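Novice: Could you work out the structure for the sequence below:
(one chain, ligands or ions: 1)
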Amino acid sequence: MLLSCDEQLRADRFQFARDRNRYIAGRAMLRVVLARQLGESPEHISIESGPHGKPVLADRTAPVHFNLAHTGDLAILAISSTQVPGVDIESLERTVDHDALAQRFFSARENAEFERISPATRNQAFLARWTCKEAVAKAAGKGLRMPLNQIEVSVAPHGQPRLLSLPDGDARQWTLHSIDAGSNYVAALALLRSS
Ligand SMILES: CC(C)(COP(=O)(O)OP(=O)(O)OC[C@H]1O[C@@H](n2cnc3c(N)ncnc32)[C@H](O)[C@@H]1OP(=O)(O)O)[C@@H](O)C(=O)NCCC(=O)NCCS
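Specialist: Presented below is the predicted three-dimensional model:
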């Protein structure tokens, strides 16, 4: 078994087999990729949780940072030796009240940009911004505890998104990338330069 005892216990707590299998597949993929990078065997890699639940290597001196996201049957893993990644992926099939969520989680500047987008492409445009914000929050390790309306992003129709500001830290230390995960998904990667 590739997974640690803690991971196996967590897997056992899922109510539905589908969710359990997705968790096991994600953690197994993570271990195999980390093992290749670190030159260790997958089952010997020690993964801990940070203060807000972010999985990190127990050996904080190891020059490897990673982050994982899932939606449905798809998982996405980012790994880097020089930057701290955060990733998020969402399905376009998930319908959300994007105008209400934008009012709540977007800044005034973001809402001004968002309101100019035609209704036909609003769902995609909302998720493009949402995934960028969540990717930043996940790289920072706080997840949705971070005030998302203070993670300001700009997403142009062509070209890569940009981080404009965040509650703590210097936005210039960050880069954002939209990821092509197929026509049914929207995904983003945030990278924080590690010193
Ligand atoms: C992290 C968080 C944004 C995940 O949101 P989500 O849309 O449900 O899930 P995603 O698919 O995007 O990401 C899940 C993965 O992110 C990673 N993750 C978990 N917590 C994380 C955190 N605080 N920061 C970054 N990544 C985190 C895990 O690898 C997780 O997958 P796994 O459990 O299979 O290993 C959300 O759970 C959150 O805000 N958590 C932090 C605050 C919190 O409530 N913590 C409680 C535990 S102390």
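
Novice: R104: neighbouring residues, count only.
Specialist: 10 (other Cβ atoms under 10 Å). Glycine gets a C-beta too; all of them are placed from N, C-alpha and C.

Novice: Can you tell me, leaving aside adjacent residues, what's nearest to it?
Specialist: Nearest in space to R104, with sequence neighbours left out and distances taken as Cβ to Cβ, 6 or more residues apart in numbering, is N149 at 7.4 Å.

Novice: tally of neighbours for that neighbour?
Specialist: Counted with other Cβ under 10 Å, residues neighbouring N149 total 17.

Novice: so what's it up against?
Specialist: With contact set as Cβ atoms under 8 Å, 6 or more residues apart in numbering, N149 has these partners: 104-107, 110.

Novice: so where do the strands sit in this structure?
Specialist: For the chain, the strands defined by DSSP state E cover 47-49, 55-57, 65-71, 74-80, 83-91, 152-154, 162-165, 174-179, 185-193.

Novice: closest one to the ligand among those?
Specialist: The ligand sits nearest to strand 65-71 of all these, at 3.7 Å, using Cβ to the nearest ligand atom.

Novice: So which bits of the closest one are buried?
Specialist: Using 16 or more other Cβ atoms under 10 Å as the burial criterion, the residues of strand 65-71 that qualify are 65-71.

Novice: just curious, which of those residues is nearest to P167?
Specialist: Proximity to P167 was ranked across the buried residues of strand 65-71 by Cβ to Cβ; first place goes to N67, at 19.1 Å.

Novice: still on that earlier bit, counting neighbours, which of the contacts of N149 end up buried?
Specialist: Buried, going by 16+ other Cβ under 10 Å: 105-107, 110, out of those.

Novice: May I see those arranged in CSV, with pLDDT and distance to H44 as well?
Specialist: Output for these, formatted as CSV (pLDDT from 0 to 100; distance: Cβ to Cβ, whole Å):
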residue, pLDDT, distance to H44
F105, 97, 40
F106, 97, 44
S107, 97, 44
E110, 96, 44
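
Novice: Which of the residues you listed fall within helices?
Specialist: Among those, the members found in helices (DSSP state H) are 105, 110.

Novice: How about the contacts made by M146?
Specialist: 136-137, 140, 167.

Novice: could those go into CSV alongside pLDDT, neighbour count and distance to L176?
Specialist: Formatted as CSV, the contacts of M146 follow (pLDDT from 0 to 100; neighbours: other Cβ atoms under 10 Å; distance: Cβ to Cβ, whole Å):
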residue, pLDDT, neighbour count, distance to L176
V136, 98, 27, 7
A137, 97, 23, 12
A140, 96, 22, 13
P167, 95, 14, 16
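
Novice: tell me which of those is nearest to Q37?
Specialist: A140 (22.1 Å).
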